[in-house]
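Engineer: can you look at this prediction? I've put the sequence above it.
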Amino acid sequence: MQIARETLLQSYRAMRTIRVFEERLHVEFATGEIPGFVHLYCGEEASAVGVCAHLNDNDTIASTHRGHGHCIAKGVDVGGMMAEIYGRQTGVCRGKGGSMHIADLSKGMLGANGIVGGGPPLICGAALSHKVLKDNGVAIAFYGDGASNEGFTLESLNLASVWQLPAVFVVEDNGYGEATGASYACAGTQKDRAAGFGMPYMECDGTDFFAVHETAREAIDHARSGKGPVMLHVHLSRWYGHFEGDSMTYRKAGEVAAEKENRDCLKHFRDRVTSAGLLDASALDDIDSAVNDEIESAVIAAKAAPWPEDAALMADVYVKY
Amino acid sequence: MTQDVIPLTMPKFGLAMTEGKLASWTVQAGQSVKQGDELADIETSKITSGYESPAAGTLRKQVAQAGETLAVGALIGVLADASVSDADIDAFIAKFQSEQTTDETEDTASTRNTEPHQVEAGEYSLNVREVGDGDGTPLLLIHGFGGDISNWMLTQEALASGRRVIAFDLPGHGASSKTVKDGSLAGLASAVNALLDALSISKAHIMGHSLGGGVAITLLKNHADKVASLSLLAPAGFEKAVNMEFITGFTEADRNRAMQQELEKLVHDKGLIGRKMVDSVMRARRLDGARDALRTIAAACFPNGEQGDDLRPVLEAASIPVQLFWGEADEVLPVAGADNVPDSVEKHLFPGVGHLPQMEKASEVNKTTEAFLQKHA
Amino acid sequence: MSKKSFRQAINEALRQEMRRDPRVILMGEDVAGGRGGTSGVQDAWGGVLGVTKGLLTEFGEERVWDTPISEASYIGAAAGAAATGLRPVAELMFVDFIGSCLDQVLNQAAKFRYMFGGKARTPMVIRAMYGAGFNAAAQHSQSLYPLFTHIPGLKVVIPSSPYEAKGLLIEAIRDDDPVIFLENKVMYDDEEDVPDESYTIPFGEANLTREGEDVTIVAIGRMVGMANEAADRLEKQGITCTVIDPRTTSPFDEDTILECVEETGRLIVVDESSPRCNMACDISALVAERAFGALKAPILRVVPPHTPVPFSTPLEKLYMPSADKIEAAVKTVMKQHAREVA
């Protein structure tokens, strides 16, 4: 299916933003200025962007501990995200969530999640809201191959099928749950798991934006049209450790380098659109440069932003108490 | 001999009271008292009130002890002349107690239903409680802003010999409909008129308290044929001033503690407001729509933070008997309003009494009113 | 106003709120019951003890959602639905089943608002049965409110009577935070006068069910009735008690307890939950810290032993607090005072 030029530009920009955002975090984290844990999404950009290209602010997504990419793809403000990761008052969560809890409900972003498998049950609820409120929305749970083994996730697949919810379960399979390979930890196949719950299964190469975009369109259309939930299995590669500081001794030498060389979604996208004459290299270069500036400004602003005031400690535990 | 001995029994304050607690004795055994002297404090689930001596004499024996909870009608003490022997007192007590236990079953069987019930009156369903019967012109009691039938707990029974006495919850109050379309005095008076029609009462004595006094006078203005006489307790309509801090606080209080502070403004003797009374007011206030109804009425009756109606002309033109009671320590509607009531009205002002003379000076209000109603029967 | 059972009061609260607000939905195991059964009977159960009976019939399948036996998915779904526009009331059946879905409550619903910098609302209610005295044994009898009370972000409600249950449940449904609403399963047939209209009882305001001069008894849920029974007996013996029903353990009305202890100087806490880190401990600490000078005798806690709830009737009776145990505790603190002043 033909993708509109505007969509292509936006998608490239989103993927590039994620890449630069994450690589910059990798550098900044090493300086010791970023508190807490950071889990990077580099290498997986096409998955978040290819799926979210079919969503609007009314649709809901739930993300994972590796959530920056989903946030950016769903339209969460990049400057606010950076400030949040730095723990500043100007962060999207006012410095009270951090990297693992970035959320923006006004954008339909129900939160990154520090609990592996935390998202799928929530997405059943979001999908139920869309169904009961009849707002034509869909709800998407992004989760990894690690979370696919959580009981919560399997229960959610069942519930979504039983209730015929407008939900898509996107398994972002990057081959590792923390330091353990999916080949060890996941029995059977994701395909058989979907079949076990009577749910359509689709899969695609997550480093190919066009493959993700096309498969996700089919999955989301299915769910949105009231035909029930779908599992979308996206095959990916993780370029950095489970968290920053992970030296990845569990991966063989050269594995990541080869992935970067051969399965870089941005490189693939650029080659494809320029060779097909869909976009000029210069348009893409302009985006690269604009994104670099945007992230640079975001980092400068975040570092300069104020810390939360003491009163924030007690604020917003409840709406009213 | 025993005719000189007077039993002191647990009084009944209002409909809900089936038992009361003797909170404390104010008078010790052996002390002599005058009629009307306070003998004890009685606590009910709603109010603590003084128990006044029905006659002069000596408190010979405290049959019940402070802290005891007893059924209405149970013997709590004995009053007699000092000359009556202790043996006779004991014999009296023994006889009273044995008779009372046998009486009990008959009593409940013969009691006619005085439970509150809903009456459809025009656009409202009103919660109505009637007691008494007889040929006398009926008496209708109209409570004030934010009140309910329990405001008449010391009044309704006391005035019910020989006539029907009807208490009801105004629209938006108590257990009546909560949606008030017209919260003005005229709107409420028209609801009262509809209630009288629904009860097939062509003419009644009307007693109104506070805002209910304003409603009563407005009823006279708009439906003069329905009103036999007016008894007004701290009525609205004679001064611009109204304690808006109270009106707002009383409407909006959402915690018992806050409500207690507001209710204390109603009385001079703050000790009258017990936690249980506060709780019963809050139970009504928590009903959906109750606060909105009060807001509607307050907006209609007190525009710009002042009373919107001047009712003096209505009374000046009135040809029916009117009496007025007002506490001089009223913190809600200042007693200065009494000066604006025409002099043709019988005025009874009480020093050291707040906005609820029918509770704080119950026996005087009741006695005066009984005489007034008999005179103008 | 009419006599209603605890069960009817809860059913009426749900019904009236579902009529008032189309965003209020129910979900839980067998909240209707009967789907997928061979008889075709709809609304077969209305909850395992019949509390939600008739709601499917009135409101239909889009408002009353039977769930698989799958607590993690549907309690999580309640949280997700609450964050995205519905006002779900999820029934967990027995509170003991929280073990199967604690993450959804502890790490998700309770945390959204704070973690998201005040930008989320999670108006959900989890209803669950608690309490011993039903021969339901160790996995169906626990009183786990201290567990929830411990978690910032949750509100915890434990009604002590039908009137309280209706008003507190309506308040819970209208509340914009996650609320755990615990119903003592032994109380479903208790009756009292309950208004027919909707009404609310605010959270965080304790209710004094009686006032006395000698001892303050704080009691929770079903224990309120027992405390009043004990206080009735004690009054005949010349000892008067104030009985406080906190209504909610989060938020918690500390002021009322402190005021009453200032008046009486003696405190008994009756708590049906396991004794380590329970409400009795919390309340004792509060009073020791802020009303120490008022105490005329040590604080006594009437609590079960640190054991699972036993099954056999005599053992369960031995386990439970009771009016007898409360009465004995009150007499103990009264004696201690007498000895000290003597």
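Structural biologist: Yes, it's here. Numbering: from 1, shown residues only, chains lettered A, B, ... in the order given.
Engineer: list the residues that contact the closest residue to chain B within the stretch 1-150 of chain C.
Structural biologist: Closest approach between the stretch 1-150 of chain C and chain B, counting by CB to the nearest CB: C:Met1, at 6.6 Å. Every C-beta, even on glycine, is put in place using the N, C-alpha and C of the backbone. Counting by CB atoms under 8 Å, 6 or more residues apart in numbering or on different chains, C:Met1 makes contact with B:Ala175, C:Asp193, C:Val194, C:Pro195, C:Asp196.
Engineer: name the nearest residue to the fourth one, ignoring sequence neighbours.
Structural biologist: For C:Pro195, ignoring the flanking residues on the chain, the nearest one in space by CB to CB, 6 or more residues apart in numbering or on different chains is C:Met1 at 5.3 Å.
Engineer: give me the buried entries from the contacts of C:Met1.
Structural biologist: Taking 16 or more other CB atoms under 10 Å in any protein chain shown as the criterion, what is buried in these is B:Ala175, C:Val194, C:Pro195.
Engineer: domain map for chain C?
Structural biologist: Domains of chain C are assigned by automatic domain parsing as C:2-194, C:207-341.
Engineer: TSV for those, including mean pLDDT and distance to chain A?
Structural biologist: TSV is the format used below for these (pLDDT from 0 to 100; distance: least, CB to the nearest CB, whole Å):
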stretch	mean pLDDT	distance to chain A
domain C:2-194	97	2
domain C:207-341	96	5
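Engineer: deepest of those domains, which one?
Structural biologist: domain C:2-194 (a mean of 22; mean count of other CB atoms under 10 Å in any protein chain shown).
Engineer: and it, end to end?
Structural biologist: Start and end residues of domain C:2-194 are separated by 6 Å (CA to CA, to the nearest Å).
Engineer: distance between that domain and the chain's centre?
Structural biologist: Its chain's C-alpha centre and that of domain C:2-194 lie 12 Å apart, by CA atoms, centre = their mean, to the nearest Å.
Engineer: stretch A:299-309 too?
Structural biologist: 25 Å.
Engineer: try stretch A:219-239
Structural biologist: 13 Å.
Engineer: for that stretch, what is the average pLDDT?
Structural biologist: Taken as a whole, stretch A:219-239 has a mean pLDDT of 97.
Engineer: then stretch A:19-39?
Structural biologist: According to the model, stretch A:19-39 has a mean pLDDT of 94.
Engineer: please apply the same query to stretch B:198-206.
Structural biologist: Averaging pLDDT along stretch B:198-206 yields 96.
Engineer: tell me which residues of that stretch are tucked away?
Structural biologist: In terms of neighbour count (16+ other CB under 10 Å), stretch B:198-206 has its buried residues at B:Leu199, B:Ala204, B:His205, B:Ile206.
Engineer: one more: stretch B:368-377?
Structural biologist: Quick answer for stretch B:368-377 (16+ other CB under 10 Å): B:Thr368, B:Thr369, B:Phe372, B:Leu373.
Engineer: the third one: what's it in contact with?
Structural biologist: I take that to be B:Phe372. B:Ser229, B:Ser231, B:Pro321, B:Gln323, B:Glu346.
Engineer: and the first one, by the same measure?
Structural biologist: Applying CB under 8 Å, 6+ apart to B:Thr368 gives the contacts B:Gln323, B:Phe325, B:His348.
Engineer: what about it, which SS state?
Structural biologist: helix (DSSP: H, G, I helix; E, B strand; the rest coil).
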